[in-house]
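Peer 1: Based on what follows, work out the 3D shape:
(2 chains)
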Protein chains: 2
Amino acid sequence: MEASADLRAVLIIGDGMGGRPVPELGGKTTLEAAITPSMDWVARAGACGLMNPIAPGIRAGSDTSHLAILGYDPYQYYTGRGPYECAGIDMEVRGGDVAFRCNFATVDGNLNVIDRRAGRIEHGTDQLAAALNAMEIEGVACFVKESVAHRAGLILRGEGLGHRVTDVDPHGEGPIHECQALDPDSEKTARVVNEFVRRSYEILSRHQVNKAREQQGQHPANIMLPRGVGVAPHLTPFDQKSNLKSAMVVETGLIRGIGKYAGMNVMDVEGLTGGYDTNAQAFSKAILEAASTHSYVLANVKAPDLGGHDQDPTKKVEAIELVDVIVGDVLEGLDLEKALLVVTADHATPITVGDHSGDAVPIAFCGRGATTDNVAYFGERTCAAGHMGHIRGLDMVNIITNLLAIQEKYGA
Amino acid sequence: MEASADLRAVLIIGDGMGGRPVPELGGKTTLEAAITPSMDWVARAGACGLMNPIAPGIRAGSDTSHLAILGYDPYQYYTGRGPYECAGIDMEVRGGDVAFRCNFATVDGNLNVIDRRAGRIEHGTDQLAAALNAMEIEGVACFVKESVAHRAGLILRGEGLGHRVTDVDPHGEGPIHECQALDPDSEKTARVVNEFVRRSYEILSRHQVNKAREQQGQHPANIMLPRGVGVAPHLTPFDQKSNLKSAMVVETGLIRGIGKYAGMNVMDVEGLTGGYDTNAQAFSKAILEAASTHSYVLANVKAPDLGGHDQDPTKKVEAIELVDVIVGDVLEGLDLEKALLVVTADHATPITVGDHSGDAVPIAFCGRGATTDNVAYFGERTCAAGHMGHIRGLDMVNIITNLLAIQEKYGA
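Peer 2: Next up is the predicted model:
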């Protein structure tokens, strides 16, 4: 079946937007307490349900959840955050590479961490990364690239590299950790990482960028601390497997990385800060622009998740209301005869937990192909009675291509 | 646990009976718009839910859906329609056979298809099939049998036959397609098919049935065009795996084939046309007769699906009301103390799509073992709130044998 050129799906994902009852809100969830006329309209005009991003009770990360929502089983394609972080900063990641997130950090002469963010260094990390990039250790090529502030990516490419190794980053002050292999296949990887870290200290502590910093009384970025290892999976590009032309309008490097890894068109949009102060108008404008030239647009608004991590119900309610403004603006610009709009969260970040939880999150589908049901408000409890029932993240692509009627029939 | 001799389950499946809101029906689905007092009674007296025949969003065929409902995972047991079509016309199909559906067609001397149904030939295909049957090519036995009108089955039996090959049937006029292997293991199959097609032309174009047709100005059935390849699976017979004695009262060759393949007692019933004009009284009489001697009866009424494919809401509503008549008559004849009645669809065929969709379909269980809930009408939206929740086709046998309390306990 051929996709009609003007059919499209738009997903607006409030990061961590799901929650649990909050005592300070009279037992309402933040989503229930927020004033969300547009999301309620979507619920009323469409079909609702609850989504378990991975499976009931599994505490999803944003990365594993988005992989699942894009139709990639994270149990098969996710071993750690490294490969997606590296893809997110436009490093070339190949299937089989072993990849890490890194910090530029400050250590003393005994390799004790003094500042694991090297004074939140802002400038010169491109030169530092270049000084380390493409070194070879035991026949393994080590690629390094700077990211935002003190962050960077490290890719190991070569034969015989397992990925079951521990972090070098001690995640605080004190001695750096030795990278240890957790299985025999990963011993070479551990040796290469330890040698890479040793050499990074040798090279960086002599680097002129750091000499200049020290002269100015700043912490030198004199070592790299890898963490978050993962082996890079072989992913079939999203558009190829889904018969869709896809774009992402997202804020965080992690989700950008997943989009890039899946071969999606990841938009650069000014004004998206990834914070409470993100620009709702810039968001909706970018979503509608992307939807004018793509048949699948995934948007992720980070702010609600921050409110959950901060355990700040007021901030989270405000962030959810910001998502609602975006949903309203997008609704204004979409022709729901042709477009399917989906509103959901990638996971819950309950105020009472202060971190991600594995609770099911509400979801609503309205527009092209979607049935209506009797749900009148978008929330954790109301959506439970909806027509879509409980679905999983991995069902999402099938549900969307079904509603748009662009999926091949299975059988006769 | 021994099955009590007088417990039984009757499933009445309205083919394609699920749907989506239809603008011409004021936003009701055809099922909601139809007057269905008997199905509503079943919903009210029993437990309702929604069923995803395969999985949420997957656009099931009738074949893959019925396999799932019978407890055979189609992803394991279905590679194509051929084996089930051949079983449906009583060919002996063995696990490992590579089987096709075929048309007798008319080609010119350059093997261009002039009429892919050979003038919808009615007579003589038994002789044509016999002239081709049991030929051997590269040590592979080729079995041919006629079906209804221009249709036939082809089975290849021998060593080294993969099933990943393309159709010879061009599905229209023009040159016949060469059968091509899609993987190295299927190269022999492609060669055998191409040689079979070549020989079919050689033999059929000289056959006296065709000479007679040509003298009468009719298109000769001078070639066989295979399509719909599948490898025949090894299925454990339904009765053996389910502890049930099963029968089918169905109309289409495809579902008959699945029943025969699963070793079910597939009834021959006069008056079941597979069309809008099928005989409801003959249907209910046959179902009740089957239920008097079997503990599991699956009935499939084809008409609602036709209404969906025809995108004719009036016809589909009438067809659904015909299903309701059958349900009502069956209810009259069943003792619900002993019998479980299940009403559902094998997939949705929404008016707005004109083909199968992957939407969940309503289901209601009443009688023996079934709980009641608060659902008062049988429909897509009402059943979403029912006690059974969202189930999958593959759950059906377990749910039924559970309600009848004839399933072995799993554990202690």
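
Peer 1: What residues of stretch A:307-316 count as buried?
Peer 2: Within stretch A:307-316, the residues that qualify as buried are A:Gly307, A:Gly308, A:His309, A:Asp310, A:Gln311, A:Asp312, A:Pro313, A:Lys315, A:Lys316, counting by 16 or more other CB atoms under 10 Å in any protein chain shown. Backbone N, C-alpha and C define where each C-beta goes, glycine included.

Peer 1: ends of that stretch, how far apart?
Peer 2: The straight-line separation of the ends of stretch A:307-316 (CA to CA, to the nearest Å) is 4 Å.

Peer 1: follow-up on the earlier one: any idea which of the buried residues of stretch A:307-316 is closest to B:Glu195?
Peer 2: Comparing the buried residues of stretch A:307-316 against B:Glu195 with CB to CB places A:Gly308 closest, at 66.6 Å.

Peer 1: Let's verify the nearest residue to A:Ala290 once chain neighbours are set aside: helix, strand, or coil?
Peer 2: Excluding its sequence neighbours, the residue lying closest to A:Ala290 (CB to CB, 6 or more residues apart in numbering or on different chains) is A:Ala247, at 4.1 Å. Here A:Ala247 is recorded as strand under DSSP: H, G, I helix; E, B strand; the rest coil.

Peer 1: can you tell me how far the residue nearest in space to the middle of chain A sits from A:Gly119?
Peer 2: Central residue of chain A (CA atoms, centre = their mean): A:Ile255, 2.7 Å from the mean position. Taking CB to CB, to the nearest Å as the measure, A:Ile255 falls 27 Å from A:Gly119.

Peer 1: where does the stretch 101-250 of chain A have low pLDDT?
Peer 2: Along the stretch 101-250 of chain A, no part satisfies pLDDT under 70.

Peer 1: where along it do the helices fall?
Peer 2: If DSSP state H, counting those that start in this stretch is used as the criterion, the helices of the stretch 101-250 of chain A fall at A:125-132, A:187-204, A:208-215, A:238-242.

Peer 1: pLDDT at A:Asp373, what is it?
Peer 2: For A:Asp373, the model assigns a pLDDT of 89.

Peer 1: who touches the residue in the stretch 101-250 of chain A positioned nearest to chain B in this structure?
Peer 2: Per CB to the nearest CB, A:Ser242 is where the stretch 101-250 of chain A lies closest to chain B, at 11.7 Å. With contact set as CB atoms under 8 Å, 6 or more residues apart in numbering or on different chains, A:Ser242 has these partners: A:Gly71, A:Tyr296, A:Val397, A:Thr401.

Peer 1: Farthest-apart pair in those, please.
Peer 2: Pairwise distances across the contacts of A:Ser242 peak at 11.0 Å for A:Gly71 and A:Tyr296 (criterion: CB to CB).

Peer 1: Please report how far A:His150 lies from A:Asn222.
Peer 2: 12 Å.

Peer 1: anything in contact with each of the two?
Peer 2: Looking at what touches both A:His150 and A:Asn222 (by CB under 8 Å, 6+ apart), the common residues are A:Ala105, A:Ala118.

Peer 1: out of those two, which sits in the busier spot?
Peer 2: A:Asn222 (26 against 23; other CB atoms under 10 Å in any protein chain shown).

Peer 1: which one is that one nearest to, not counting chain neighbours?
Peer 2: Once flanking residues are discounted, A:Asn222 sits nearest to A:Ser205: 4.2 Å by CB to CB, 6+ apart.

Peer 1: Show the pLDDT at the closest residue to chain B within the stretch 301-412 of chain A.
Peer 2: Residue of the stretch 301-412 of chain A nearest chain B, by CB to the nearest CB: A:Gly411 (2.3 Å). In this prediction, A:Gly411 carries a pLDDT score of 94.

Peer 1: and it, what is it in contact with?
Peer 2: Residues in contact with A:Gly411, defined by CB under 8 Å, 6+ apart, are B:Ala60, B:Gly61, B:Ser62, B:Asp63, B:Thr64, B:Ser65, B:Pro74, B:Tyr78, B:Arg81.

Peer 1: could you redo the last one with a cut-off of 6 Å?
Peer 2: B:Gly61, B:Asp63, B:Thr64 (CB atoms under 6 Å, 6 or more residues apart in numbering or on different chains).

Peer 1: What are the phi and psi values at the closest residue to it other than its chain neighbours?
Peer 2: Nearest non-adjacent residue to A:Gly411, counting by CB to CB, 6+ apart: B:Gly61, 2.3 Å away. Dihedral pair for B:Gly61: phi -80, psi 170, per degrees, to the nearest 10.

Peer 1: Same question for the one 10 residues further on.
Peer 2: The phi/psi pair for B:Gly71 (degrees, to the nearest 10) reads phi 90, psi 10.

Peer 1: Likewise for A:Val327?
Peer 2: Dihedral angles (degrees, to the nearest 10) for A:Val327: phi -60, psi -40.

Peer 1: show me what contacts it?
Peer 2: Here A:Val327 is in contact with A:Ile12, A:Ser38, A:Met39, A:Val343 (criterion: CB under 6 Å, 6+ apart).

Peer 1: Repeat the analysis, applying 8 Å as the threshold.
Peer 2: A:Val327 sits next to A:Ile12, A:Thr36, A:Ser38, A:Met39, A:Val42, A:Leu341, A:Val343 when contact means CB under 8 Å, 6+ apart.

Peer 1: Kindly report the same for A:Val148.
Peer 2: Residues near A:Val148 by CB under 8 Å, 6+ apart: A:Gly253.

Peer 1: how close does it get to A:Leu50?
Peer 2: 34 Å.

Peer 1: now A:Ala43
Peer 2: For A:Ala43, the distance to A:Leu50 - CB to CB - is 12 Å.

Peer 1: now do A:Arg81
Peer 2: 27 Å.

Peer 1: do A:Tyr201 as well
Peer 2: In terms of CB to CB, A:Tyr201 sits 50 Å off from A:Leu50.

Peer 1: which one of those two has more residues nearby?
Peer 2: A:Leu50 (22 against 17).

Peer 1: So which residues make contact with the helix or strand where A:Ala43 lies?
Peer 2: Element membership of A:Ala43 [criterion: DSSP states H and E] is helix A:37-45. Here helix A:37-45 makes contact (CB under 8 Å, 6+ apart) with A:323-325, A:327-328, A:331, A:336, A:341, A:343, A:364, A:366-367, A:372, A:375-378, A:382-383, A:386.

Peer 1: got the domain boundaries for chain A?
Peer 2: Domain ranges of chain A: A:8-78+A:235-403, A:84-231, per automatic domain parsing.

Peer 1: Can you verify my assumption that A:Asn112 contacts A:Glu173?
Peer 2: Yes - if you go by CB atoms under 8 Å, A:Asn112 and A:Glu173 touch, sitting 7.3 Å apart.

Peer 1: separation between the residue nearest to A:Ala290 and A:Arg368?
Peer 2: Relative to A:Arg368, and taking CB to CB, A:Ala247 is found at 18 Å.

Peer 1: CA-only coordinates of stretch A:387-402 in CSV, if you can.
Peer 2: Provided in CSV are the C-alpha atoms of stretch A:387-402 (Å, rounded to 0.1, in the frame of the first residue of the first chain):
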residue,chain,number,x,y,z
HIS,A,387,-10.7,2.8,23.6
MET,A,388,-7.0,2.1,23.0
GLY,A,389,-6.6,0.3,26.3
HIS,A,390,-3.1,-0.4,27.5
ILE,A,391,-0.5,-0.3,24.8
ARG,A,392,3.2,-0.6,24.7
GLY,A,393,5.8,1.7,23.2
LEU,A,394,6.7,-0.9,20.7
ASP,A,395,3.1,-0.9,19.4
MET,A,396,3.2,2.8,18.5
VAL,A,397,4.5,2.6,15.0
ASN,A,398,2.1,-0.1,14.1
ILE,A,399,-0.8,1.8,15.6
ILE,A,400,0.1,5.0,13.7
THR,A,401,0.7,3.3,10.3
ASN,A,402,-2.6,1.5,10.9
